[in-house]
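# need a structure here:
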Amino acid sequence: MIIMKLQGGLGNQMFQYALGRALSEHLNTKLKLDLSFLLNRTSTESHLFRDYELSIFNIDIKFASPKEKNKYICPHDSKPKLILWKLQRKVMGYHFHKEKSFFLTQEYLTLKAILI
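Presented below is the predicted three-dimensional model:
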């Protein structure tokens, strides 16, 4: 399963959805969206709140449940939880890919993204 965390305005959301959909089709797996960043209304000085905008399109979108998202969120609150999380990733085959920089890299353009 590909879980794409949406951020930004309509243009960014369209790009993120398109990338997630292309990867999910290439890897023959499901795509689900994570809206947690858009739903977070914690005020910061440099943050502009954005809303989920893809609903204006007639596309069938599935959203990741908290349980699905938690498989990929590294627990930082205790050492035993961290060890268990890392072990589950290895045994159960959970993988995630976090971008290395703010910029789009060639591996995304060729759909050869390495899942780690």
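# for the record, mean pLDDT for stretch 86-95?
Averaging pLDDT along stretch 86-95 gives 70.
# Point to the helix or strand of this structure where mean pLDDT is at its lowest.
Sorting the helices and strands of the chain by mean pLDDT, DSSP states H and E puts helix 106-109 at the bottom, at a mean of 62.
# all helices of the protein, in order?
Per DSSP state H, the chain carries helices over the ranges 10-26, 36-39, 66-70, 79-92, 106-109.
# now what about the first one, what contacts it?
When contacts are defined by C-beta atoms under 8 Å, 6 or more residues apart in numbering, helix 10-26 is touched by residues 1-2, 4-8, 30-31, 33, 52-54, 56, 59, 61, 108, 111, 113. Placement of C-beta: from N, CA and C, glycine included.
# buried set for that helix?
Neighbour counts over helix 10-26 (16 or more other C-beta atoms under 10 Å) mark 13, 16-17, 19-20, 23-24 as buried.
# can you redo these as a markdown table with pLDDT and distance to residue 87?
A markdown table is the format used below for the buried residues of helix 10-26 (pLDDT from 0 to 100; distance: C-beta to C-beta, whole Å):
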| residue | pLDDT | distance to residue 87 |
| --- | --- | --- |
| 13 | 96 | 34 |
| 16 | 93 | 30 |
| 17 | 96 | 32 |
| 19 | 89 | 30 |
| 20 | 90 | 27 |
| 23 | 86 | 26 |
| 24 | 88 | 27 |
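# Output the helices of the chain in TSV, with distance to residue 46 appended to each entry.
Shown next, in TSV, are these (distance: least, C-beta to C-beta, whole Å):
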stretch	distance to residue 46
helix 10-26	16
helix 36-39	15
helix 66-70	25
helix 79-92	30
helix 106-109	26
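# residues near the spatially closest residue to residue 30 that is not a sequence neighbour, how many?
Of all residues not flanking residue 30 in the chain, residue 1 sits nearest, at 4.8 Å (C-beta to C-beta, 6 or more residues apart in numbering). By other C-beta atoms under 10 Å, 14 other residues sit near residue 1.
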